[in-house]
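Undergrad: need a structure here:
(chains A and B)
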Amino acid sequence: MKAILTMIAGFAIGFVLVVVALLYNPTFDGDNTNRLSGAEIRVPIIGDDVVSVAAGQSGYPWLTNFPADAQSPAIAGMRSAYTATLASTDGNTSVAYVLRLSALTQAGKPLFGEVIDESTWYVVMPRRGTFIVSSQDDLWSFIRPMAMPMLRGDTWRGDLQYVTTLGPSNGFADVVGISGTFANQSGRAALQTSIQEASVARGITRGKSTLFVDIRETPSPDDDALAASP
Amino acid sequence: MRAIFFLSIIAGAAAAAALAWFAPFLEQERTRAQTMVQTNGGRMEQFEIRLATDVLSSLPGIDRPDDGFVPASADWYPELAPFRGVAEMFRLRNAQGVAIGIASRVRGLTSTDDVEWILHLPARGTLALRGLSADVAEVGDIVTGTREFSALYGTWQARLDEDNVWRIESVVKARTDEVEGAVQ
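TA: Numbering: from 1, shown residues only, chains lettered A, B, ... in the order given. Below you'll find the predicted structure:
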């Protein structure tokens, strides 16, 4: 009997130790905001600039769909969909209409630091044209410090800022031009998000995102061949 | 006894690590794609949007087939002028009426008859369509796509039927088909 109790106690201790170690992984490097370059578009993630939303199903009980007060019926597999205006870097001018669609992937392993959100941005810049951004973002950077207070029902407050973009192209999102001056252009993008306040009941209530976009003329195969020729 | 205790700790740690690595933490609902192979190559897929139940947003103007194109309200986004078009977001269904994604339609970006659709299907990818709109009938090319649609090209057509249902039909081929065709 004593041996069984010892086994159970040891098993429980080992189990909890690994879970705690994975949750509070000290090697986790959250400061990754110094790797961005290129043009910048500020994306409001809360507030009056978000004009319409459609709810999805996050799949994770502690990850509230954004925005939390979405009224529309859920669509299978979607986490969120919303439209917004994008502001210029100085924040004074609306420069684009944007549609953002996102869904969590099943590939994520939260305890190993992966809660992967796949999103598509459709950006309409009236004087210039349209392009899409295909992005994979890791939400774990935010969930880890916020999860416990939010699960307890508290409102989390702090100041987190991360570049969440992981891919699909070596740490950057893919950008493909559709029309206007962006036709036949491509590039890369990354999303930097800061959150100051959030709760399970209301979602993110203070924060903002900045989408860094670098889009330029796509070299044709002929151009490559010319460049390679002596 | 001490050995049992430490071995149990190791077993517990291994079980936690294995559970974290292998156990599915998320089981998203997925709908089987309903594509039809075309006689001369490529595949066709049909989508539906049921007005008005599938309208998730419509801004800043209103596109009324009967009244023609109504200019956008300047109250929404005055800074975005000269954009006088319509930007709508819909729930997207497959041909059987199952909601499978989100569609966006932007009309009037540069002229009153240009139109762009974005069809987003979770876990599959996004299709970007561009073409011309003539009231209730639209036609054009598939410009680009992401994920499973990334290496495809093709055409699309859409029509708003009398039962107030947008029916969109895309016909896509792989880029490799184009190359093989050129070689032959």
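Undergrad: Now the residue nearest to the spatial centre of chain B: closest residue in space, sequence neighbours ignored.
TA: The residue lying closest to the centre of chain B (Cα atoms, centre = their mean) is B:L119, at 1.6 Å. In this structure, B:L119 finds its nearest non-sequential neighbour in B:L127, 4.4 Å apart by Cβ to Cβ, 6 or more residues apart in numbering or on different chains. Yep, even glycine has a C-beta here, placed from its N, CA and C like the rest.
Undergrad: element containing the one you found?
TA: strand B:125-134 (DSSP states H and E).
Undergrad: Direction-wise, compare the helix or strand following that strand with strand B:125-134 and give the angle.
TA: Using DSSP H and E, the next helix or strand after strand B:125-134 towards the C-terminus is strand B:137-145. Interaxial angle of strand B:137-145 relative to strand B:125-134 (axes from the mean of the first three to the mean of the last three Cα atoms, to 10 degrees): 150 degrees.
Undergrad: Determine if any part of strand B:137-145 is in contact with chain A.
TA: Yes - under the criterion of Cβ under 8 Å from any Cβ of the partner chain, chain A is reached by strand B:137-145 at B:143-144.
Undergrad: Where does the prediction get shaky in chain A?
TA: In the predicted model of chain A, residues A:23-95, A:104-108, A:110-111, A:113, A:127, A:200-203, A:217-230 satisfy pLDDT under 70.
Undergrad: ranges for the helices of it?
TA: Counting by DSSP state H, chain A has these helices, from start to end: A:2-23, A:140-151, A:221-228.
Undergrad: can you put those in TSV and add distance to B:G145 and mean neighbour count?
TA: Below are the helices of chain A laid out as TSV (distance: least, Cβ to Cβ, whole Å; neighbours: other Cβ atoms under 10 Å in any protein chain shown):
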stretch	distance to B:G145	mean neighbour count
helix A:2-23	36	15
helix A:140-151	28	18
helix A:221-228	20	9
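Undergrad: Just tell me which of those ends up closest to A:G187.
TA: Of all the helices of chain A, helix A:221-228 sits nearest to A:G187, with 15.9 Å by Cβ to Cβ.
Undergrad: so where's chain B uncertain?
TA: Judged against pLDDT under 70, the low-scoring parts of chain B cover residues B:24-29, B:57-85, B:176-184.
Undergrad: let's see 80
TA: Scanning chain B for pLDDT under 80 picks out the ranges B:1, B:20-31, B:40-41, B:52-53, B:55-89, B:108-112, B:123, B:135, B:174-184.
Undergrad: in it, which spans are strands?
TA: B:35-37, B:43-50, B:55-60, B:63-64, B:68-69, B:86-94, B:99-107, B:114-121, B:125-134, B:137-145, B:152-160, B:165-174 (DSSP state E).
Undergrad: Turn these into TSV, including distance to A:S194.
TA: Formatted as TSV, the strands of chain B follow (distance: least, Cβ to Cβ, whole Å):
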stretch	distance to A:S194
strand B:35-37	42
strand B:43-50	36
strand B:55-60	26
strand B:63-64	37
strand B:68-69	40
strand B:86-94	26
strand B:99-107	26
strand B:114-121	26
strand B:125-134	27
strand B:137-145	31
strand B:152-160	37
strand B:165-174	38
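Undergrad: out of these, nearest to B:W21?
TA: strand B:125-134 (26.8 Å).
Undergrad: For the closest one, name the packing helices and strands.
TA: The contact analysis (3 or more Cβ pairs under 8 Å, 6 or more residues apart in numbering or on different chains; DSSP states H and E) places strand B:125-134 against strand A:129-138, strand A:173-180, strand B:114-121, strand B:137-145, strand B:165-174.
Undergrad: Send me the strand holding B:L127 as PDB with only the CA atoms.
TA: In PDB, the C-alpha atoms belonging to strand B:125-134 read as follows (Å, rounded to 0.1, in the frame of the first residue of the first chain):
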ATOM      1  CA  GLY B 125      -6.900  29.000 -47.500                       C
ATOM      2  CA  THR B 126      -8.100  32.100 -49.300                       C
ATOM      3  CA  LEU B 127      -9.100  32.700 -52.900                       C
ATOM      4  CA  ALA B 128      -8.800  36.300 -54.400                       C
ATOM      5  CA  LEU B 129     -11.100  36.900 -57.300                       C
ATOM      6  CA  ARG B 130     -11.200  40.000 -59.500                       C
ATOM      7  CA  GLY B 131     -13.500  40.900 -62.400                       C
ATOM      8  CA  LEU B 132     -16.300  42.900 -63.800                       C
ATOM      9  CA  SER B 133     -19.800  43.400 -62.300                       C
ATOM     10  CA  ALA B 134     -22.900  44.000 -64.400                       C
END
